[in-house]
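Colleague: Sequence and predicted structure, then a few things I'm wondering about:
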Amino acid sequence: MPAVALRGLAKRFDEKIAVDGISLDVPVGSFFGLVGPNGAGKTTTLSMATGLLRPDFGTAHILGVDMWQDPLHAKKLLGTLPDGVRLFDRLSGEQLITYAGLLRGMDRVTVAERAKDLLAALDLTADAGNLVVDYSAGMTKKIALASALVHAPRVLVLDEPFEAVDPVSSANITDILKGFVASGGTVIISSHVMDLVQRLCDHVAIVAGGRLLAAGTVEQVRGGMSLEERFMSLVGGRHEGEGLSWLRHS
Amino acid sequence: MVATLLRLKLQILGNGFRRSPWQIVGLAIGGLYGLGVLVFMLIGLILLRGADTELARTILVLAGSAAVLGWALIPIIASGIDMTLDPQRFAAFGIPQRTLMTGMALAGLVGIPGALTAILSLATVIPWWRSPQEIAAALIGALLGLAGCLLYSRCAAAWGTNLAASRRFREIGMVLLIVPIMFIGPVVSTTVQGFRHASGDLSALASALSWTPFGAPWALPADVAVGDYAGAALRVVIALAALAVVMWLWNMAMVRAMVNPPRVTGGKRSAGKLGFFNVFPATPTGAVAARTASYWFRDPRYMGSLLVVPLLPVVLYLNASRQGHYDLLLIVGPLVAFLLAWSISSDVSYDNTAFALHIATGVSGKADRWGRVIGCCVLAVPAVLVLTLGSLAISHRWDLLPGMAGTCAGVLMTGMGLASVLSARYVTPVPKPGESPFKKPPGGQGLTLAVQGLGMLVLLVLCLPQGGLMIAEVITGNHVLGWINLVAGPLIGAVLLWLGVRIGGRDIERRGPELLAQLIKNG
């Protein structure tokens, strides 16, 4: 049974078809990368898989539980880091993690312990009492990640988790995620940084224009090329020729 | 370079019109208004030529001081009102400080208020068109006054932006704006009454002002007219010294702005302060209650409603004391109950897309709704209690206590019940998190009006039993009605609250993702 199974997911916003029938299996215990150019439908697909956006067509199963038939059960298995939504930023970092844990029905002692661990692991302990609204972009990303981890989910769906995060924190997050996968958890990240995906992930799917172009293990998909070259050849859009000749100095 | 800056200001003014034809209409109305003021003032100045020196001096000093004070204060109150030539935007171009400051100060003349001030300042020469010395003194005074207007306003604006870079300061400023707005009525009526007695005090006020940087330039020609040259010299020194100090302050603000781009400061606070999260039980309902209760004290959009609580009774009290009829005060308890309960009717819209956390965690609709109601009660219950008891004490109507208690409890619960349904069903455009609570977001005005207006109407109807019983008790003096109200009011309210939470909770669970989609669309 796959950790996440999408079947014929489709979504239309007014005239624009954002996702045009995506079917995908994410195996349990995989570190899965979802890549695509801007506007490819990555965020829309992940939102439909995590119960944030109702699909027009298709189904999403989390470890065999239908997200849209039994959402409460499915969401218990999931930790979600959505992209482009606000946080309750008038809470302090520590309060926000606590809030996420309590909303999940956890008890106070466990939440407090885990909040402390998460703040330490993500280098946020010194700022734990400050309001999230005063955090930098990278710190905001990290505190949102912490809120997604607090209930120890079995599947993590992270939309652009490394955006604006500094290199040291990136490395720490990478360690956490690798440890999570090694212990049998499943991680799905979306990104448009190919090097990062090639380095981190064992499986990858390429989407563009709301369709799935390729999916499988990283080795299968890149087929001897680098992932970036393979991505360019599938998606297209590179400009040939010189261009902006006046910008060159010799 | 100074000319380039002035052209830039003009260009920005012109581009505004291209964006919307309403800007042209605005300019036309502003221009007509300005023209009216100009003609009116010019006639006044010409008439003043025939008046005696003392009267001319009083009027000119008062009007001139008001103008300078206005220029100095408006940028502080309405910070960021005209930031077209914000110094920080020029930081990357390497323009010499002196040039930039000259250009910015002169740019204040571009536009209706600037042009009007300049013309009228120079026109203060008219009343003194009697001897060459007086004309010269009036001209110097006018230029000093005009320079004051331009420099004080730039200095205030520069410091305003500097301070506004701190979130806390900016937000407190936004919330406090409501204080002058609420007191406009009482202040105007008191001032009008005061003026009837105090015309003699005006000349005293004027002579006091004439020794301040605001009034000194305008008193200059009168001094010369009566031959007080020492006084005139002293006033020039006062005005020049003030200008020098303000230039120095402005320069300092500019340097700060150029060197430190706006950034978030503030000390680091470590973990351990969970606030309301330690007070409420560790359940999803308790968590939502703790979060919303925190927001009442931290989010300026909620703090705005909060400020109404102490201000409303003051305004009502001022009104009542003028009429000597304190029974009017009794409305304050039910009114605040009504308003505070209503203030959670756009709760989900206020959450904005942060509401995604509730969807992602799959929190039950019941917990979401009850949490928000309880969070609101943390504040609403003590506030309504204090105001009700206070109003009964001041008006000596303790006989109305049972009826009043029933009415307030009933209205509060009914209101929160209806609000629970509305906020789960309709996403209305409200100020976004971090925006001014007074900002009216564009678009969807129709829907907002419909939901808010009709909603309030429905709430009024739902509150009819309690309100009707209360009014009937006051009119008939039959206190049995009050005792009925004490039992029936809260009972009806509790049923409606329970029903509202149930319906709202069911809506949240069924249509949560659709609500979120709408919130994302509104951005």
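Modeller: Done, it's in.

Colleague: Is the longest helix along chain B positioned near chain A?
Modeller: Identified as the longest helix of chain B according to DSSP state H is helix B:480-522. Yes - applying Cβ under 8 Å from any Cβ of the partner chain, one finds that helix B:480-522 is in contact with chain A at B:513-514, B:516-517, B:520. Using the backbone N, CA and C atoms, a C-beta is placed for each residue, glycine as well.

Colleague: And that helix, what does it pack against?
Modeller: Judged by 3 or more Cβ pairs under 8 Å, 6 or more residues apart in numbering or on different chains; DSSP states H and E, helix B:480-522 is in contact with helix B:347-351, helix B:356-361, helix B:365-395, helix B:401-425, helix B:464-476.

Colleague: what about the residue nearest the centre of chain A, helix or strand, and which?
Modeller: Nearest to the geometric centre of chain A sits A:Leu158, at 2.0 Å (Cα atoms, centre = their mean). Assessed by DSSP states H and E, A:Leu158 sits inside strand A:155-159.

Colleague: same check, this time on A:Leu9
Modeller: A:Leu9 is part of strand A:4-13, with elements assigned from DSSP H and E.

Colleague: about what we covered before: give the next helix or strand downstream of the strand holding A:Leu158.
Modeller: Next along from strand A:155-159, by DSSP H and E: helix A:167-182.

Colleague: How is A:Glu240 assigned, secondary-structure-wise?
Modeller: Using DSSP: H, G, I helix; E, B strand; the rest coil, the structure places A:Glu240 in coil.

Colleague: now do A:Leu34
Modeller: Assignment for A:Leu34 (three-state DSSP): strand.

Colleague: count of residues packed around B:Ala393?
Modeller: 11 (other Cβ atoms under 10 Å in any protein chain shown).

Colleague: Let me know the pLDDT of the residue in the stretch 251-400 of chain B positioned nearest to chain A.
Modeller: Of all residues in the stretch 251-400 of chain B, the one sitting closest to chain A is B:Arg269 (3.1 Å; Cβ to the nearest Cβ). B:Arg269 carries a pLDDT value of 73.

Colleague: Leaving out sequence neighbours, find the closest residue to it.
Modeller: A:Gly129 (3.1 Å; Cβ to Cβ, 6 or more residues apart in numbering or on different chains).

Colleague: The one you found is in contact with B:Gly275, isn't it?
Modeller: No - between A:Gly129 and B:Gly275 there is no contact under Cβ atoms under 8 Å: 10.0 Å.

Colleague: show me the contacts for the residue lying closest to B:Glu509 once chain neighbours are set aside.
Modeller: Distances taken as Cβ to Cβ, 6+ apart place B:Gly365 nearest to B:Glu509, at 4.1 Å, with adjacent residues excluded. Taking Cβ atoms under 8 Å, 6 or more residues apart in numbering or on different chains as the contact definition, B:Gly365 lies against B:424, B:504-509, B:512.

Colleague: so where's the chain shaky on pLDDT?
Modeller: By default, I'm working from chain A. A:241-242, A:250 (pLDDT under 70).

Colleague: meant chain B actually
Modeller: B:16-23, B:75-88, B:91, B:162-170, B:173-201, B:258-268, B:436-449.

Colleague: follow-up on the earlier one: and the residue nearest to the centre of chain A, what is it in contact with?
Modeller: Here A:Leu158 is in contact with A:80-81, A:145, A:148, A:187-190 (Cβ under 8 Å, 6+ apart).

Colleague: I'd like to know which of these is nearest to chain B.
Modeller: Nearest member of those to chain B, counting by Cβ to the nearest Cβ, is A:Thr80, at 4.4 Å.

Colleague: Quick one: list the elements packing against the strand or helix carrying the closest one.
Modeller: Using DSSP H and E, A:Thr80 maps to strand A:78-81. Applying 3+ Cβ pairs under 8 Å, 6+ apart, one finds that strand A:78-81 contacts helix A:137-149, strand A:155-159.

Colleague: Okay, now the sheet partners of it, with direction.
Modeller: strand A:155-159 (parallel) (DSSP bridges).

Colleague: Next, the angle from the strand it pairs with to strand A:4-13.
Modeller: Interaxial angle, strand A:155-159 versus strand A:4-13 (axes from the mean of the first three to the mean of the last three Cα atoms, to 10 degrees): 30 degrees.

Colleague: List every C-alpha atom in strand A:155-159, with coordinates, as CSV.
Modeller: What follows is strand A:155-159, C-alpha atoms only, in CSV (Å, rounded to 0.1, in the frame of the first residue of the first chain):
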residue,chain,number,x,y,z
VAL,A,155,3.6,11.0,6.1
LEU,A,156,5.0,14.5,5.7
VAL,A,157,3.9,16.7,2.8
LEU,A,158,6.1,19.8,2.6
ASP,A,159,5.5,22.5,0.0
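
Colleague: And that strand, how far out from the chain middle?
Modeller: Relative to its chain's centre, strand A:155-159 lies at 4 Å (Cα atoms, centre = their mean, to the nearest Å).

Colleague: contacting residues for the residue nearest to A:Ser92 when sequence neighbours are not counted?
Modeller: Once flanking residues are discounted, A:Ser92 sits nearest to A:Gly129: 5.1 Å by Cβ to Cβ, 6+ apart. A:Gly129 sits next to A:92-94, B:268-273 when contact means Cβ under 8 Å, 6+ apart.

Colleague: if we go to 7 Å?
Modeller: Counting by Cβ atoms under 7 Å, 6 or more residues apart in numbering or on different chains, A:Gly129 makes contact with A:92, A:94, B:269-271, B:273.

Colleague: Which of those residues fall within helices?
Modeller: A:Glu94.

Colleague: which of the contacts of A:Gly129 count as buried?
Modeller: Using 16 or more other Cβ atoms under 10 Å in any protein chain shown as the burial test, the contacts of A:Gly129 include A:92, A:94, B:269, B:271 as buried.

Colleague: Of the contacts of A:Gly129, which is the nearest to B:Ala208?
Modeller: B:Arg269 (46.6 Å; Cβ to Cβ).

Colleague: Next one: that closest one from B:Tyr302, what distance?
Modeller: With distances taken as Cβ to Cβ, to the nearest Å, B:Arg269 is found 22 Å from B:Tyr302.
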